[in-house]
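Chemist: Generate a structure from the sequence data that follows.
(chains A, B, C, D and E)
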Amino acid sequence: MNPVPDIFRILPEVILTLTGVAVMLLDAALPPHWARRPLGWVAAIGTTLALWGSLGQLSLPEGTGFSGTIETSAFTVFFHVLICGVVLVALLLSLDTLPEDSHHQGEFYALMVFGAVGMCLLTGAVELLLVFIALEISSIATYVLAGYRKDTARGPEAAIKYFLLGSFATAFLLYGVALIFGATGTTQIYEIARLVPTAQNHSLILAGLGLMLVGILFKVSAAPFHVWTPDVYEGSPTPVVALMSTAPKAAAFALLLRVVYEMLPTLRSVWQPLLWVVAVLSMTVGNLAALRQQNVKRMLAYSSIAHAGYLLAAFAGLGNTGIAAASFYAAAYAAMNVGIFAVVTLVSGYDEKLPLIDDFRGLIYRSPLLGSLLIFFLVSLVGIPFTGGFFGKFYSFSAAVGGGAIWLAIIGLLNSGLAAAYYLRLALVAAQQPDAQKPVVPAHRVGIAVGAALLLAVAATLVLGIVPGDVLHAAEAAAYTLQAPSTETSAPANAVDLKMMMP
Amino acid sequence: MHLILFLVFAGFCLGGAINLLIQSHPINSALSLIVVMVSLAVLYLLLGAEFLAAAQVIVYAGAIMVLFTFVVMLLNAGREARTMGSRAARSIGFPAVVAILAVIATVILHAQSLGVARLSDGLTNVPGQTNIELLSTVLFTKLLLPFEVTSVLILIAILGAVALARHDDTDPQGSAERTDK
Amino acid sequence: MNAHLHLWLIPLLPFAGFLLNGILGGRLPKWLVTAVALLTPLAAFCMVLQISLGLFANPIAIAHLPFVETCSLPWINAGLLHVNFSFVLDQLSLVMLLVVTGVGFLIHVYSVGYMGDDKGYARYFSYLNLFLFFMTVLVLAGNALVMFIGWEGVGLASYLLIGFWFQKKSAADAGKKAFIVNRIGDFGFLIGMFLLIANFGTLTFTDIAAKLGQDPGWNGGVVTVIALCLMLGATGKSAQLPLYIWLPDAMEGPTPVSALIHAATMVTAGVYMVARTHVLFDHSPFALSVVAIIGAATAIFAATIALVQNDIKRVLAYSTISQLGYMFLGCGVAAYSAAIFHLMTHAFFKALLFMAAGSVIHAIGGEQDLRKMGGLRKKLPVTFWTMTAAVLAIAGFFPFAGFFSKDAILYAAFLQGTNGKILWFVGLLTALLTSFYMFRLWYLTFMGESRSPEVHPHESPWSMRGPLVILALLSVCGGWIGMERFGNFLAPSVGVLPTEAGNMRLEIILSIVAVLVALEGWLIADKLYRRKPARPAQYAAALPTGYKLLANKYYVDELYGAVVVKPLLGFSKFVLEWVVDFVILGGAAWLLGGIATFTGAILQRWQSGNLRSYAAWLAAGAAAVLLFLLVPWATVLASLSAIHLGMAGH
Amino acid sequence: MNEINQSILTLILLVPLAGAVLVALVPDRFKLPNWIALLTALGTFGLTLHLPAHFSFAADAPRFQFEITRLWIEKPTIFYHVGVDGLSLWLVVLVGLLAPVGVVASWNAIQARRKLFYALFLVQQTAMFGVFISLDLMVYYGFWELSLVPMAILIAMYGRKDGPKAALKFFLFTFIPSAPLLVAILWLYAKTGSFDFATLRFWVASGALPAGALFWVALAFLFAFAVKVPVFPLHGWVADTFSEAPVALAMVVAGKLGLYSMLRFHIGLFPVQARAVAPVLIGLAVIGILYGACLALVQRDFWRLMAYAALSHLSLITLGIYGLTLTGWEGAVYQILNHGVVDGALFLLLGLLYDRYATSQINAYGGLAAKLPRTTTFFVIGSLAMIGLPMLNGFVGEFLILLGTFTGVSKGWAIAATLGVILGAAYMLWLVQRLFYGPESALAASKPPQDLRLGQLAVLWPLTALMLVMGVAPMLWLPTIETGARPPQLRTPNILPLVLPQSASPTSLNGEGQR
Amino acid sequence: MSSYFAQEVPLSWYLLLSAALFSLGVVGFLIKRNLITVFMSIELMLNGVNLSFVTFAQQWHAVKGQIFVFFVMMVAAAEAAVGLAIIIAVFRARATLAVDRIDLMKL
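Modeler: I've put the predicted structure just below:
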């Protein structure tokens, strides 16, 4: 019945797991005084292989494996590639910025790779049980990584905040799953989608949806579930922030797409306004709060909240358009955000001696390369054309306008104007004359690994900004596979007949 | 009978949970939580989940809570300090909890065609198949992947726990920052 | 008619001089600069002379005037505006050309001596040539826009030349003032042009005249408005009330410049323009009377100020304003040819007066104060005699040039009914004052004893004396052409004199009255400044208010400063810059930013750092989501089930 | 030749970009960045001259020429669609002309981090070219936004006193209004499925789109453009930007982009809606003319003076545009060119003064004319051109605009505008006087005189000659502009076909839904 | 009286109990001042959810619900290991377990 061996359906995950195990074992096996840096290269190579492997999955016929628990489709491949790419960049970044005498480098790399397993699974899972496990894998990996600088005061605080609030939110998600299970008797996403229109207890489904959304929106740090973000970003090592502000978020967005568009498309009239409000709230709150920030990482944390809002705006779009726009935005956001955190890592240093915006003064004089890159990524975050940020925003709001949510687009774009204020503040500080009175620690040397990481991020941001056609094409293919054509025809958003859901 | 058992253990559950909240010493809270869990195990039994009842006792009450108490002891955690609480937690949180509970309760009460629980009411209709057989069959066929993936989860948890809890001999940085508040 | 007049060469010759001296002047030897500077206007003058001789020799050719020469390529051809570079040669422009190039050339020659030691020699001559270029363009212009080139251009040249000694603050100020005040006049000119295009669709003078002639309906109304707008332009350029204020200050420039630009040629452009567009004025009696009144008022107003000025050039400047008032008076009574006649004679004697004054100033080392002169008659004989001719001419003594032209204007005014009589009387009074202040100047400068014995005056070089002599001859004989012949010659261009109603006897009586009045002026001056030199001071002391009023030029500059300039600057500074720009607009932007930052600060408080409050927010969010999803749903459910039940009931 | 015509616009876009990359790559030695930038700028200018040389005026010639259409992104359908018509042709050349001027103006002014400066300067060039030639709204929007970035960075890095603040102000002022613009573009796309100018124009004219929404869409377009121009109450950024921006950028920052966009994408796309708001714009423009002139009168800093002067002049052009008369349009486009040329020269000179004397306080100057005769001469000529002396270029545009307003709009507004133009002489001549005339100031005496050098003369001479030529022979330009304002197929006199109120013109596709 | 000895209990009662436990867990998170007890509150929430799963498994006769609970337990164990390790790390770094003192990072 299933012509494809199940193992191919989880090829990237398998590769990543093997890599993680290999790193872990090597870490244990190597003599203690040996450098652990090569382990990072092993992890990077493994991630690259996984990326390649997930591209290979494109040749598989679309379908599920392991008794309908995991799916392989253009959608999963899109997000797999995205996640593996981000993890790869984060690994390369860590390679050069983790201190040489750090004791757990091996574990660090292994955790990153294992986290990637969870994220990849999350995008492919079509069984809520697997979703839950995958979510936990990626979460636990990031909890630990967040607290990786356990010798500092802030590291463990970030970890415990992230951990407790994350578990708290996961409990909500789980409750939601339970209620949906209660309403339909199954946890398989396709079956739920099939059963929902005829299910009896719709309020149960709605409650379940609401509670699940709490958990997912927490992961994407959308307002009002964003409160953890600035604190955790501030306390976590910057390479980890580069990872966790992008990859788990992308995975969570994939999950959100799957939940709302694939699992509950018939409830569009219900979740769409909700996401509309959340989108507006996220971007407004994120941008306004970022205006006064002095700490770069906190500022970028607020900015990532705002970006979650921009991305959620795409959900106002109809069917394929919305999914494609959201997927594209996820990619663009990942590229530029991982890039800017890479730059921030290099400037602030792993031990973050220079966390404040004022510490970036004259960056372009101290290090023209880093200064230019910082400005480049900031420009992309502002959403200037010919960078990924622009097309991300463009597609997202285009989808919103297409879905009739003009006000959302107007609010969003005005917000992006507001956002320009603080992005530009940082850029302009970097372009200012350095303060001669204040000695500054020189930025990290840009090594091969970090160079490659930056190159990847820049290239991705530029490709997404100048020739976004292919990526958009992939996103559209992903959208097509996510949403069955039958539901696509069920017409405009607000025209969903409520009676359909009645017993 | 079922009703009485339910009422008794539900009462234990709620009592334990409330006690968890009002006890100020972590050990007492942990013990209250164990009460909740054991009571839940009984309720699982009432709902025909024998395996889970056993797992609840073994895994939750036995393993997890032991871990908790162990850590409480290890860190020598005393009574909760009377710290200045967060006003938001009360002024925002409590109404929110009430709202959540109210909404969910309403939903549950309005749910249609919810069944009833009977003692020894199995899940399977196949004669001769126990619940545990059914459970394991499903677990190792249909849900094989999640099960396998759990191993990664466990691995990662161990790895993480080791990475975080292991005490470093050298302390290259952070000692200065440790004291800052 | 000869189709190859190449009128465009007339302006372009001086322009070539301007370019050569302007660009290369600093590096050329002085003799070459002089040669270029003199030869180009001379060539232009010769060309004009040749053309006019050719015309006079050939009456048929004169009958074919005006001759229009148009550049085959349009200048501007866009939308409603279709303008070519077109030059027109008719009697009017011919007369003007002769005056402009002739007097212009003489002043060039004079300048060679006067400016010989100046560092900016080449620059000076390039500006002078530039002025001639623009002036000839103005005169030759076949349409209003080309005239406007010359119009603004002479203003520019005037600006440059007044401010020639730019390191003197007063000179630079005066240049700026001249340009800006002229611009106010230009405003009227511009609006007039817009109205012309809007109403006639053309700016070409001949077309306008033709259209006006075709339709007798054009009368008053819009034509009046156009005429008044043009008149506003003319008052600016020709220093009439209320825009005359720049001209006295313009005396800061080198004296030959004052002679050329601020006496002989440029300031008469307004008169020329009115004459050029006379058809418009002819169709608007109201505009004409406005012109006449402004002219008469300016004439007497400026004359009174001139009575008490002590700067030799300022006396001449106010006398210029006054004489220009005469010309406008002439225009205002439709005696255009009389006005042009006076323009021509005035050019001769006023240029002469300025150049003689320049010669005096030159001789006594730059001193311009009349009170420090005196007794120069012996030392500067040539200057004295030429100046005397000019004074007699301007005072209107027979048979000097001024007599004929002034007489013609007064006569024409007298014939204009009751109002004309008043105008005539004002003109007569002005003649009295003119005679008085000119002889006052004459006495103070040349008669009596020297009041600055330490200076040793010396006669100017021949390059300066030569033009004086020539102009003196013209001042004497310039009027002998006679008004009638001159008027007949100009008639095709500006129409016939409205004097047909008068008669010879009346004209002679009036002439005698005018001469007697001038004589009276001389006698008073003679009494006050020769026989009883202490009297003026006594009079001044006896009438302190009046004297101060005159000496301070009626406080008009101060008035403008207080009424226009200061309020404008103050308004700009305080209301616009401070209130509008800074407080309102800046405040609005600041407020928006402030609101955003303030909201941000409030939102930051959300981030208390406390885990439990974070959890509270999460719980609140969850509650909000649940309520959002379920509460409206519940009501919908209720209503829908009611419907459902109702339907099931059936 | 055909191949060149096909690719010339792309080349114009790419050459500065390539130059920027090259500048970024070479070492900062021997003034290499300067030379590369100069050569690139000159080369690009040469390329732009190809356009007028091969522009066809034939009655059957297409309106847009040198057109290229290539699919860029399939969905949403974005075409790389570029082309020029009479409106944009000369603007492209103008941008090309100002590039070498800018390089020369920066030659000595920019001493540190030249690579970055010239690279960004050249990127800015590309962005500006892009705005003028794009016929696809998305591509246009891309360049429109892109043009902000190099400007902001350069103002921040090379600003005089408070660069970053001015840069932020500039950026926010111009960036935030483009948000509604993007929404409007997206809305149009959502309704029509196209970003193409011609297609959208058809759609808008067809009456198929809801009129109420279209009004707001047009307003969003206008708002973005009006800030960029700037139109009166939205000029808050101008003064600070002018006083901080490096000379090379100050010459290009105001005016052109916004004014062109008004012509092409506001009035060109939404003639009916533009007509509805035109009275407001006319009023604001006249206020802007007078307001800018009055404020220029009382400025103490010459950059700020130039900023308010620019406000005044740009408002005049706005008046010409929204007067919606053919005369006014031709004058307006011509005046954009004039303004570019004249401002280029004046800014170059002021920049030199600032470089030498390190202050922009007008009062500190005085009496420079004796020491710097050439500077003075060129400055005076530039000022005269600016205040509209006949025979110099400013006059032609000014006269046409005022005439168009007078005859086509309202006599009252025209008179008020003319008054403002007259005021122009006051502040410019006063500036000239305070800078160059009068007794020599301490500042002037403190530095050895150093008049214009060869490189600067090499720029100023052509610019000055151009002022004269443009004043004497405007017909070298006006016919081209007319083909843009009124395509050759339509020879209805004196009326803009775009704004015919009723369906008198074959191209105006007004349906019933619009009035 | 006989109803007290009934052999069946409506599942909604179980669900209400589950909701109550969940809510109490939330309340615990909000009011407990010790990191460990806060964590315990989360366990309480999870237990509440588990009860729902088991109840619904009974409702649908679907064994997946029970398996889900099984997995939740496993995850809880893993979380407990990591969470307690983090708590230990916090204690080492800050020498306190008071929730309200863990607020170095704010605004």
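Chemist: so what's residue 143 up against?
Modeler: Picked chain A for this. By Cβ atoms under 8 Å, 6 or more residues apart in numbering or on different chains, the contact list for A:Tyr143 reads A:159, A:162-163, A:166, B:160, E:82-83, E:86. Where C-beta positions appear, they are placed from N, C-alpha and C, glycine not excepted.
Chemist: that answer is for a different chain, and I need it for chain D
Modeler: A:385, D:126-131, D:134.
Chemist: And D:Val139, by the same measure?
Modeler: Contacts for D:Val139 (Cβ under 8 Å, 6+ apart) come out as D:72, D:78-82, D:130, D:195.
Chemist: So which of those residues belong to strands?
Modeler: If you go by DSSP state E, the contacts of D:Val139 have D:72, D:78-82 in strands.
Chemist: any chance of those in a markdown table, plus distance to C:Gly79, pLDDT and neighbour count?
Modeler: Formatted as a markdown table, these follow (distance: Cβ to Cβ, whole Å; pLDDT from 0 to 100; neighbours: other Cβ atoms under 10 Å in any protein chain shown):
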| residue | distance to C:Gly79 | pLDDT | neighbour count |
| --- | --- | --- | --- |
| D:Trp72 | 38 | 86 | 19 |
| D:Ile78 | 36 | 88 | 23 |
| D:Phe79 | 34 | 89 | 20 |
| D:Tyr80 | 35 | 90 | 17 |
| D:His81 | 30 | 90 | 24 |
| D:Val82 | 28 | 90 | 26 |
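Chemist: Among those residues, find me the one that's closest to C:Gly621.
Modeler: Ranked by distance to C:Gly621 (Cβ to Cβ), those are led by D:Ile78 at 38.1 Å.
Chemist: In the chain, where is pLDDT below threshold?
Modeler: Answering for chain A, as no chain was given. Residues of chain A that meet the criterion pLDDT under 70 lie in A:1-3, A:100-103, A:437-444, A:483-503.
Chemist: think we crossed wires, I meant chain D
Modeler: Looking at chain D by pLDDT under 70, you get D:1, D:254, D:487-515.
Chemist: Tell me the residues on it that lie near chain A, please.
Modeler: Residues of chain D found near chain A (Cβ under 8 Å from any Cβ of the partner chain) are D:72-76, D:113, D:116, D:138, D:141-146, D:148-149, D:152-153, D:156-157, D:163-164, D:167-168, D:171-172, D:175-180, D:182-183, D:186-187, D:189-190.
Chemist: Narrow these to those in strands?
Modeler: When the residues of chain D next to chain A are checked against strands (DSSP E), the matches are D:72-73.
Chemist: Sort out for me which of the residues of chain D next to chain A are in helices.
Modeler: Taking DSSP state H as the definition of helices, the residues of chain D next to chain A contribute D:116, D:138, D:141-146, D:148-149, D:152-153, D:156-157, D:163-164, D:167-168, D:171-172, D:175, D:178-180, D:182-183, D:186-187, D:189-190.
Chemist: which secondary structure element contains residue 47?
Modeler: Went with chain A since none was named. helix A:37-56 (DSSP states H and E).
Chemist: Chain E was what I was after
Modeler: Assessed by DSSP H and E, E:Asn47 sits inside helix E:35-60.
Chemist: Quick one: mean pLDDT for the following helix or strand past that helix?
Modeler: Downstream of helix E:35-60, the next assigned helix or strand under DSSP H and E is helix E:63-94. Mean per-residue pLDDT for helix E:63-94: 90.
Chemist: ok, how many other residues are close to D:Val229?
Modeler: Using other Cβ atoms under 10 Å in any protein chain shown, D:Val229 has 28 neighbouring residues.
Chemist: which one is it nearest to, not counting chain neighbours?
Modeler: D:Gly258 (3.7 Å; Cβ to Cβ, 6 or more residues apart in numbering or on different chains).
Chemist: so the one you found sits right up against D:Ala226, yeah?
Modeler: Yes. With contact defined as Cβ atoms under 8 Å, D:Gly258 and D:Ala226 form a contacting pair (7.0 Å).
Chemist: Identify the residues contacting the residue in chain C positioned nearest to chain D.
Modeler: Chain D sits closest to C:Gly79 of chain C, with a gap of 2.7 Å, by Cβ to the nearest Cβ. Counting by Cβ under 8 Å, 6+ apart, C:Gly79 makes contact with D:325-331, D:400, D:403-404, D:494.
Chemist: ok, now which ones touch A:Gly210?
Modeler: A:176, A:274, C:622, C:625-626, C:628-630.
Chemist: hmm, which of the contacts of C:Gly79 are the buried ones?
Modeler: In these, burial by neighbour count holds for D:325-331, D:400, D:403-404, counting by 16 or more other Cβ atoms under 10 Å in any protein chain shown.
Chemist: okay, and for chain C, where does confidence drop off?
Modeler: In chain C, residues with pLDDT under 70: C:1-4, C:218-220, C:497-502, C:632-638, C:640-650.
Chemist: longest strand anywhere in it?
Modeler: Longest strand in chain C, counting by DSSP E: strand C:67-78.
Chemist: who wins for most neighbours among the contacts of A:Gly210?
Modeler: For these, neighbours were counted using other Cβ under 10 Å, and C:Ala622 has the most, 30 neighbours in all.
Chemist: Checking my notes, that residue in a helix, right?
Modeler: Yes. Assessed by DSSP: H, G, I helix; E, B strand; the rest coil, C:Ala622 belongs to a helix.
Chemist: sorry, back to before: in helices only, show me the contacts of D:Phe143.
Modeler: Going by DSSP H, the helices hold D:126-131 from the contacts of D:Phe143.
Chemist: which one of those residues sits closest to C:Gly221?
Modeler: Once Cβ to Cβ is applied, the member of the ones in helices among the contacts of D:Phe143 that ends up nearest C:Gly221 is D:Val131, at 48.1 Å.
Chemist: Would you mind stating the distance between the residue of the stretch 201-350 of chain A found nearest chain E and chain B?
Modeler: Nearest residue of the stretch 201-350 of chain A to chain E: A:Asp231, at 4.3 Å (Cβ to the nearest Cβ). Using Cβ to the nearest Cβ, to the nearest Å, A:Asp231 is found at 14 Å from chain B.
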